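Student: sequence and predicted structure are below.
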Amino acid sequence: MKNILGIPLPKLPPSSPDLNLIENLWQILKQRLKARDIFPQNIHVLRNVVQEEWDHLQPSAWNQYIESMPVRLAQVKEQKRMQTEF
């Protein structure tokens, strides 16, 4: 088992969306961008807006996904690595 910063990590499929928590955060950022009154009109403004929204993310925004990992892992195992509800 790989160890990063003293945290043991299970061997996971490299691109499993069911286990990739950053996908959930990208979704939150996309929703926040769409909710803005003015959508960024160029790449420079977009970068600044994404950074601003990222800086405003609170732990509560991602804790639910971290806490769901045992259920996600169980579903992936149960589904024999096929698609789950996540």
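Tutor: Perfect, I can see it now.
Student: can we go C-alpha only for contacts and neighbour counts from here?
Tutor: OK.
Student: now do the SS call for Asn3.
Tutor: Following DSSP: H, G, I helix; E, B strand; the rest coil, we place Asn3 in the strand state.
Student: for Leu73, see how far away it is.
Tutor: 18 Å (Cα to Cα, to the nearest Å).
Student: tell me where the protein has helices.
Tutor: Assigned by DSSP state H, the helices in the chain fall at 22-35, 43-56, 59-67, 69-78.
Student: quick one: contacts of the shortest one?
Tutor: Contacts made with helix 59-67 from outside it, assessed by Cα atoms under 8 Å, 6 or more residues apart in numbering, are listed as 21, 24-25.
Student: lowest-scoring secondary structure element of this protein by mean pLDDT?
Tutor: strand 2-4 (a mean of 71; mean pLDDT, DSSP states H and E).
Student: which residues touch Gln58?
Tutor: Counting by Cα under 8 Å, 6+ apart, Gln58 has no contacts.
Student: what do you get for Glu53?
Tutor: 29, 32 are the contacts of Glu53 under Cα under 8 Å, 6+ apart.
Student: could you list the low-pLDDT ranges of the protein?
Tutor: The model of the chain has pLDDT under 70 over residues 1-2, 11-18, 79-86.
Student: how much space between the residue nearest the centre of it and Tyr65?
Tutor: For the chain, Ile22 is the residue whose C-alpha lies nearest the centre (Cα atoms, centre = their mean; 2.2 Å). Distance, Ile22 to Tyr65, by Cα to Cα: 9 Å.
Student: in a markdown table, list the helices of the chain along with distance to Pro10.
Tutor: Output for these, formatted as a markdown table (distance: least, Cα to Cα, whole Å):
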| stretch | distance to Pro10 |
| --- | --- |
| helix 22-35 | 17 |
| helix 43-56 | 27 |
| helix 59-67 | 14 |
| helix 69-78 | 10 |
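Student: and the ones you listed: which comes nearest Leu9?
Tutor: helix 69-78 (12.0 Å; Cα to Cα).
Student: what is the burial count for the residue nearest to Leu33 when sequence neighbours are not counted?
Tutor: Leaving aside its sequence neighbours, Leu33 sits nearest to Phe39 (Cα to Cα, 6 or more residues apart in numbering; 6.8 Å). The local packing of Phe39 (other Cα atoms under 10 Å) involves 12 other residues.
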